[in-house]
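[1] I need the structure of the sequence given here:
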Amino acid sequence: MSRYLSQALDDIGVFPDMTDLRRHIHLLYETLTTMECKLRGLNETVYIVGSQSEGTTTIGIDSDTDHLLILNDALVVFDWAEWEKGKHNMLAIRDNTTPPQLCYLQRLRRDLPLKIDQPVEPTDEVDEEGRVLVSNKWMEDQLWERFKHLGPMISHGPSKSFSDKVDAVFAFPCASMPEECSFLFRRPRPGHYPKLETLERARCCPTFLVPQGHPFSEHKHLQWRISTSLWERFLVFDFTAVQQHVYVLLKMIRISFIKPIVGDKLSTFHMKTAVMYTIESCQPDIWHRENIIVCAVNCLNTLLRWIRMGKCPHFTTSGVNLFDGKLDRRQLHTLKEVITQIKTHIMWCIYQIKMDMLGLRLMPDIRILDDSRRHNNQLWILREILFQIPAQVSLIVSELLSASRWQNIYEAVHGIIGHLRLLYTTQDTGSSLEHEAASLHLPHLYGFLASTLASCCITLQLPITEFVINLYKLSFSSDRMSTKLKYASMLYCSGQCAAAAEVLTHCESLLGPAVAHYCGCIGRQWHVKLQSDAYLENGLDGNITDLLKSHSTVCVMFSIHDRCCVPEHLQCEMFRTMTHEDQQLRHEESKWMDQVVIDCVPFLHYLQYLVYRQLDQPASKMAALQKLEDYVGQPGGIAGHVDTAGHVLAHCWELENQHDEAYDLYQQSVLNYPRNNIANWHLVRLLQ
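    Down below sits the predicted model:
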């Protein structure tokens, strides 16, 4: 049965290759997000911690994504000697009454190692000794102010979210390792787990303070908890494939049989801790595929022993009881009975697990072990987790274009060059993940710089220089098509229609069933459009970065500085925010609304229509118009920038003197998006 169970867990994606793929994608995503912070001038580091980056989840478990946002301008010091000039220094304060793993933070001056006498933030408090203490409510207020438009805030311990898919925690870095965390390195252990190299990696990793106090403390709003999330991630990376199977199985058991009784008071973290201690205490030779059920029972025995004691130790931090503030005596007694029953009837419980059809896969008569189902599961997992990478790249491009809106042309060009230098430095000195992330950004920046300089040439009625053409060529590896379309648009706007037609013909040849179309603009319909599984097949077989560059497209973006490289009708999209009501409905993630943003396929056919119209090729022109009409009117509708696709089709109808059809398209666009929509202006224009 253990072999069948191991096979079933492999089938649902819990096997080394898929685990490595999950980890790589999420680590690349966190690197891209941190890079975005650097490019925007923010001194922040983002980590993706928990199940997603550990690779210990399945489609059925459906774990959320935990973001740990480190504010690097801040520094928590445990001794005055650790104070650093220019940082937001905070002194960790603890006494005999402070619960384990917790401390208070006293504000210090940035220019001198002296205390601050007056509160800095409205949430700060002054204690009886005159010390200014930082409230952990300050971070909650910051999150709420930034993301309140997304809806009510949901709390899960120190993390806050506005979605059941994403949790976010702001954290302060520690100047040194807290004393209680050295427990991981100094306590005796057999030696096979964790590996020595893992311990060395953990020793070099920072620790953080997150905004969480003891639930029963009257000062919990002033308390901060020590976090070793990065250490824990390395410890899970050290799991073998069988140990990972056991951990995922225990997660499923918790959700299926324990969560309905005590909720999340016995959490995944308790299970993870039980697995770690069991791996450490048991001989390595018991962890094999034919012994998974016995190993799971061993972990449950570890947990049951802690429940009887009323104390669950932390794996990395001494003096901590992970049951404290979570489970009372009555709930521990209930848990003891429940886990005893699970342990006694472990096979019956496994058969009852509905997540990922695990129990069904083990039924003798209908055992689902065929390769096709496993393969389909892999494709589904990749579809779920891959989207965030091109969406993040698209978001960063949008952020950089938006930041240049209020700059003059010289400042904008200087800013792009500065970003290019930063990315080249990152490629030269950074990790392999940073090198990979920079390679995804650099071509987009080349495209922005090329288009900006070309726009200047068009404005001054100068020929497009060879230098600008070479910049465009450097940008062509950004993705499959978007920067090539920017190049074609420039050729059309500079009067080189024959050359533009050749580029557009090449772009159309790049379409196909193995190409994915991405849009990540918040406020429109986020989407990934796949015509077949061929794209995902390439992702399973090849390099993720190559997949994103060679088989993916993102929406095309133009800023105010390269507007002369955009057809005149499309330039109007930069001014979709026209009224006070429009502005009120915008938020931090709506910066793309100040740009021209259009998906690749409608832009391709729109440019073809304009180019062939200019070249007086009516048959080719009408063919392009038909393709654009088919795209906008395809069954089931389209996603991405639906409004902009409709607007360019409406413009084509205007040029064909079919004003009624154009009016209907603009009106439908307004019905879909009443605010922040340039179609409102187009309707007024048509009625004049």
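
[2] what about Leu358, neighbour count?
    Residues near Leu358, counting by other C-beta atoms under 10 Å, number 24. Yep, even glycine has a C-beta here, placed from its N, CA and C like the rest.

[3] wouldn't it be in contact with Cys349 here?
    No: using C-beta atoms under 8 Å, Leu358 is not in contact with Cys349, being 10.6 Å away.

[4] for the stretch 301-450 of the chain, what spans make up the helices?
    Assigned by DSSP state H, counting those that start in this stretch, the stretch 301-450 of the chain shows helices spanning 329-344, 346-351, 358-362, 371-386, 388-403, 409-429, 432-459.

[5] check what contacts the first one and list those residues.
    So the one you mean is helix 329-344. 253, 257-258, 261-262, 265-266, 297, 300-301, 303-304, 307-308, 310, 323, 327, 349 (C-beta atoms under 8 Å, 6 or more residues apart in numbering).

[6] okay, it in PDB with CA atoms only?
    Extracted C-alpha coordinates of helix 329-344, given in PDB (Å, rounded to 0.1, in the frame of the first residue of the first chain):
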ATOM      1  CA  ARG A 329      -6.300  21.900  27.500                       C
ATOM      2  CA  ARG A 330      -9.700  20.900  26.300                       C
ATOM      3  CA  GLN A 331      -8.700  21.200  22.600                       C
ATOM      4  CA  LEU A 332      -5.500  19.200  23.300                       C
ATOM      5  CA  HIS A 333      -7.500  16.400  24.800                       C
ATOM      6  CA  THR A 334      -9.800  16.400  21.800                       C
ATOM      7  CA  LEU A 335      -6.800  16.400  19.500                       C
ATOM      8  CA  LYS A 336      -5.200  13.500  21.400                       C
ATOM      9  CA  GLU A 337      -8.300  11.400  20.700                       C
ATOM     10  CA  VAL A 338      -8.600  12.400  17.100                       C
ATOM     11  CA  ILE A 339      -5.000  11.700  16.200                       C
ATOM     12  CA  THR A 340      -5.000   8.400  18.100                       C
ATOM     13  CA  GLN A 341      -8.000   7.400  16.000                       C
ATOM     14  CA  ILE A 342      -6.200   8.600  12.800                       C
ATOM     15  CA  LYS A 343      -3.100   6.600  13.700                       C
ATOM     16  CA  THR A 344      -5.000   3.500  14.600                       C
END
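
[7] what comes up buried for it?
    Neighbour-count burial for helix 329-344, counted by 16 or more other C-beta atoms under 10 Å, picks out 331-332, 334-335, 338-339, 342-343.

[8] just the buried residues of the contacts of helix 329-344.
    Buried members of these, counted by 16+ other C-beta under 10 Å: 253, 257-258, 262, 265-266, 297, 300, 303-304, 307, 323, 327, 349.

[9] dump those into CSV; add distance to Gly60 and pLDDT as well.
    Formatted as CSV, these follow (distance: C-beta to C-beta, whole Å; pLDDT from 0 to 100):
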residue, distance to Gly60, pLDDT
Ile253, 13, 97
Phe257, 15, 97
Ile258, 16, 97
Val262, 21, 94
Lys265, 22, 93
Leu266, 19, 96
Val297, 22, 97
Leu300, 21, 98
Leu303, 22, 97
Leu304, 25, 97
Ile307, 26, 97
Phe323, 27, 95
Leu327, 26, 92
Cys349, 16, 96
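
[10] what stretches of the chain score poorly on pLDDT?
    Applying pLDDT under 70 to the chain flags residues 145-151, 156-157, 159-160, 162-163, 365-372, 524-527, 542, 636-637.

[11] and for it, the residue most distant from the center?
    Within the chain, the residue lying farthest from the chain centre (C-alpha atoms, centre = their mean) is Asp616, at 46.7 Å.

[12] contact partners for that residue?
    Contacts for Asp616 (C-beta under 8 Å, 6+ apart) come out as none.

[13] what helix or strand is it on?
    Element membership for Asp616, per DSSP states H and E: none, as it lies in no helix or strand.

[14] where strands are concerned, which of the buried ones among the contacts of helix 329-344 count?
    Among the buried ones among the contacts of helix 329-344, none falls in strands (DSSP state E).

[15] Thr316: which of those is nearest?
    Set against Thr316, the nearest of the buried ones among the contacts of helix 329-344 by C-beta to C-beta is Phe323 (16.7 Å).

[16] quick one: the closest one from Phe269, how far?
    Going from Phe323 to Phe269 by C-beta to C-beta, to the nearest Å gives 11 Å.

[17] show me where the stretch 501-650 of the chain has its helices.
    So, for the stretch 501-650 of the chain - with DSSP H, counting those that start in this stretch - the helices run 534-541, 544-550, 568-571, 580-584, 600-614, 618-632, 642-655.

[18] give me the contacts around the shortest one.
    Okay, so that is helix 568-571. By C-beta under 8 Å, 6+ apart, the residues outside helix 568-571 that reach it are 558, 563, 596, 598, 606, 644, 647-648, 651.

[19] for the residue farthest from the centre of the chain, grab phi and psi.
    Dihedral pair for Asp616: phi 60, psi 50, per degrees, to the nearest 10.

[20] buried residues in stretch 178-196, which are they?
    Within stretch 178-196, the residues scored as buried using 16+ other C-beta under 10 Å are 178, 180-181, 183-184, 193-194.

[21] mind putting those residues into a markdown table with secondary structure and distance to Glu384?
    Below are those laid out as a markdown table (DSSP: H, G, I helix; E, B strand; the rest coil; distance: C-beta to C-beta, whole Å):
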| residue | secondary structure | distance to Glu384 |
| --- | --- | --- |
| Pro178 | coil | 37 |
| Glu180 | helix | 38 |
| Cys181 | helix | 34 |
| Phe183 | helix | 37 |
| Leu184 | helix | 33 |
| Tyr193 | coil | 31 |
| Pro194 | coil | 30 |
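
[22] widest-spaced pair of these?
    Pro178 and Tyr193 (23.0 Å).

[23] Leu683: how many residues sit nearby?
    With other C-beta under 10 Å as criterion, Leu683 counts 17.

[24] ugh, wrong one, Ala498
    Neighbour count of Ala498, defined by other C-beta under 10 Å: 11.

[25] can we start the residue count at 412 from this point?
    Noted, 412 is the first residue going forward, which turns the last one into Ala909.

[26] for Val977, see how far away it is.
    Taking C-beta to C-beta as the measure, Ala909 falls 20 Å from Val977.

[27] Leu733 now?
    Using C-beta to C-beta, Leu733 is found at 57 Å from Val977.

[28] number of residues surrounding Leu494?
    Heads up, residue 494 is Trp, not Leu. 19.

[29] you'd agree it is up against Val487?
    No: with contact defined as C-beta under 8 Å, Trp494 does not reach Val487; the gap is 10.8 Å.

[30] what's the closest non-adjacent residue to Leu646?
    On the basis of C-beta to C-beta, 6 or more residues apart in numbering, the spatially nearest residue to Leu646 that is not a chain neighbour turns out to be Pro605, at 5.6 Å.

[31] against Arg598, how distant is that neighbour?
    12 Å.

[32] same check on Arg997?
    53 Å.

[33] off-centre distance for stretch 618-625?
    Relative to its chain's centre, stretch 618-625 lies at 22 Å (C-alpha atoms, centre = their mean, to the nearest Å).
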